[in-house]
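A.B. asks: Structure for this input, please:
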Amino acid sequence: MKSVVQKSAIPNSKLLVIKRLEELNFDPSLHLHPEYQLFLVLKGWGTRFIGDNIKQFNPGDLVFTGPNLPHLWRNDPDTKKSSKTLGIVIYFPQNFLSEIINSKEEMENIRLLFEKAGRGLEIYGKTNKKVSRMMQELLNATGVSRLIILLQILDEIADSTDCHPITHVNYIPINNKTESDRMNKIYRYIMKNFRDKISLEVIADLINMTPSSFSRYFKSRVNKSFSDFLKELRIDYARKLLNENKMSINSVSYDSGYTTLSNFNKQFKEVTGKTPLQYRNEYLKIRIESI
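C.D. replies: Predicted coordinates:
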């Protein structure tokens, strides 16, 4: 697995770049770049890694990340090869209108937004819907209209209470090749094997560490133990299966990596505060009421 990819997305002749992505998969490896990025998932589901955070993503997932924050949107292992992912991504440079933003009081809210973006921001609710529409509009804009719409998007996010930081407040950025190689190997192995039994000895050996050294290293990078990380990944995957309502709870338990239903029920409640049955029933009720 390659180390974190560092790339620049914007030609020197442009203030910003916006793209509609249509691929079999989103980026295959953890990467970073010096630009700000606003990314909207239109189609596809899987797991996203941003800094020290891991979470399931679905259509409508909207995230704003600051410069050089490692990130990865990875489709789940059983995603059909014929099913394409769709998304819209906006890039603009680290020094975007810097002289104006850093010195004029009218731009104070956007300056503060850029500071918050260093931890990554997930955008929810009404702001998510409004910004998503504006991003679609920006796709078709040209000339100075593109800059105006981008500023309107940033102002909307900056004034919103629907934005929440993604990484832990004490997150330590990945800043060298050795660490990026290690984290990519870890993520790659976990995503391939999380539904099976994962041996601490095997994954530690993968990056040439003892199990105890690996445990300390992993917790220092991700701000949680490896067992908690794996539990949250499995439960996020189980929630996706429960939402689909195509499998029995016992089958969801097994497919998510649990050998006993009792352990699945216990860990599911630890993470979500609900039993799998309560979670499914509440989700189905909300879905029916929204029709």
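
A.B. asks: Could you use CA atoms for every contact and neighbour count after this?
C.D. replies: Fine.

A.B. asks: model confidence over stretch 163-171, on average?
C.D. replies: In this model, stretch 163-171 has a mean pLDDT of 87.

A.B. asks: Start and end of it, how far apart?
C.D. replies: Distance between the two ends of stretch 163-171: 18 Å, counting by Cα to Cα, to the nearest Å.

A.B. asks: ditto for stretch 38-47
C.D. replies: Its start and end residues considered, stretch 38-47 measures 17 Å (Cα to Cα).

A.B. asks: what do you get for stretch 148-168?
C.D. replies: Termini of stretch 148-168 sit 32 Å apart (Cα to Cα).

A.B. asks: Equivalent analysis for stretch 154-170, please.
C.D. replies: 25 Å.

A.B. asks: Name the residues that touch that stretch?
C.D. replies: 50-53, 109-110, 112-113, 116-117, 119-128, 131, 223 (Cα atoms under 8 Å, 6 or more residues apart in numbering).

A.B. asks: Swap in 7 Å and give it another go.
C.D. replies: 50-53, 109-110, 113, 119-125, 127 (Cα atoms under 7 Å, 6 or more residues apart in numbering).

A.B. asks: Need the buried ones from the residues you listed selected in PyMOL.
C.D. replies: This is how PyMOL selects the buried members of the contacts of stretch 154-170, with burial counted by 16 or more other Cα atoms under 10 Å:
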select buried, resi 50+51+52+53+109+110+113+119+120+121+122+123+124+127
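
A.B. asks: Give me the below-cutoff pLDDT ranges for the stretch 101-250 of the chain.
C.D. replies: Where the stretch 101-250 of the chain drops to pLDDT under 70, the residues are 174-177.

A.B. asks: What segments of it are strands?
C.D. replies: Assigned by DSSP state E, counting those that start in this stretch, the stretch 101-250 of the chain shows strands spanning 121-123, 163-165.

A.B. asks: If the spatially most central residue of the chain is in a bridge, with which residues?
C.D. replies: By Cα atoms, centre = their mean, the mean C-alpha position of the chain lies nearest to R48, the distance being 3.4 Å. Beta bridges link R48 to K55, W73, judged by DSSP bridges.

A.B. asks: who touches it in this structure?
C.D. replies: 54-57, 72-74.

A.B. asks: Restricted to helices, list the contacts of stretch 154-170.
C.D. replies: 109-110, 113, 125, 127 (DSSP state H).

A.B. asks: from those residues, which is closest to D255?
C.D. replies: Of all these, D255 sits closest to G125, with 30.9 Å by Cα to Cα.

A.B. asks: got the contact list for the closest one?
C.D. replies: D162.

A.B. asks: picking up where we left off before, go through the contacts of stretch 154-170 and say which is closest to T259.
C.D. replies: Lowest distance from T259 to the contacts of stretch 154-170 (Cα to Cα) belongs to N53, with 26.2 Å.

A.B. asks: Now neighbour count and distance to V63 too, for the contacts of R48, in JSON lines please.
C.D. replies: As requested, the contacts of R48 are arranged in JSON lines below (neighbours: other Cα atoms under 10 Å; distance: Cα to Cα, whole Å):
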{"residue": "I54", "neighbour count": "20", "distance to V63": "13"}
{"residue": "K55", "neighbour count": "16", "distance to V63": "12"}
{"residue": "Q56", "neighbour count": "21", "distance to V63": "13"}
{"residue": "F57", "neighbour count": "22", "distance to V63": "10"}
{"residue": "L72", "neighbour count": "20", "distance to V63": "12"}
{"residue": "W73", "neighbour count": "23", "distance to V63": "11"}
{"residue": "R74", "neighbour count": "22", "distance to V63": "15"}
